[in-house]
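this one's sequence-less:
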């Protein structure tokens, strides 16, 4: 079994990750630019990277591979970790795969272009709720089973 790498600065499911990692006895690297408190859980390592827009992404992408699980909302990071063989999930439980990550990148780029063309366009999706947390817990268990087979 590998490591669970978490793009942790804005991750809403850190508590769920810690609980599941403890049950699986799997180490976790919570990677952030700062602001996270260290965990008393010996399986949880908080990794502070330098300030910068992609420092956490680069740190994770350089390390994640087959047998690991990555949790991120960042689509370019997801593309890199999927390409490297890691199981990759969004915090709502959606799985990035070689079959769908290209479409996710294209959608992200399109939305960026639309926001740039209309500065008054306000983004914001639906609120993150209990159903998203439950879906994530199930998805993380499934990803850990797949990662265990890949290791």
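Everything's here; your move. Just so we're clear, the structure is a prediction, and the values are computed from it rather than from any experiment. Numbering: from 1, shown residues only.

my read is residue 5 is in a helix, agree?
No. Using DSSP: H, G, I helix; E, B strand; the rest coil, the assignment for residue 5 is strand, not a helix.

let's test this: name the helix or strand in this structure with the lowest mean pLDDT.
helix 101-117 (a mean of 57; mean pLDDT, DSSP states H and E).

helices and strands around the helix or strand just after it, which ones?
Where DSSP states H and E defines the elements, the next helix or strand beyond helix 101-117 is helix 130-150. Secondary-structure packing of helix 130-150 (3 or more Cβ pairs under 8 Å, 6 or more residues apart in numbering; DSSP states H and E): helix 14-24, strand 69-71, strand 87-89. C-beta: built from backbone N, CA, C; applies to glycine.

pLDDT of whatever helix or strand comes next after the first one, averaged?
Next in sequence after helix 14-24, counting helices and strands by DSSP H and E, comes strand 28-32. When pLDDT is averaged over strand 28-32, the result is 96.

can you tell me which helices and strands the next helix or strand along the chain from strand 28-32 packs against?
Sequence-wise, the next helix or strand downstream of strand 28-32 (DSSP H and E) is strand 44-48. Counting contacts by 3+ Cβ pairs under 8 Å, 6+ apart, strand 44-48 packs against strand 28-32.

for residue 80, the count of nearby residues, please.
By other Cβ atoms under 10 Å, the residues close to residue 80 number 21.

isn't it up against residue 62?
No. Applying Cβ atoms under 8 Å, one finds residue 80 not in contact with residue 62, separated by 9.2 Å.

nearest to residue 5, of the helices and strands packed on helix 130-150?
strand 69-71 (4.8 Å; Cβ to Cβ).

next one: the closest one to chain centre, how far?
5 Å (Cα atoms, centre = their mean, to the nearest Å).

count of neighbours near the residue lying closest to residue 78 once chain neighbours are set aside?
Among residues not flanking residue 78 along the chain, residue 96 sits closest, at 4.2 Å (Cβ to Cβ, 6 or more residues apart in numbering). When neighbours are counted by other Cβ under 10 Å, residue 96 registers 22.
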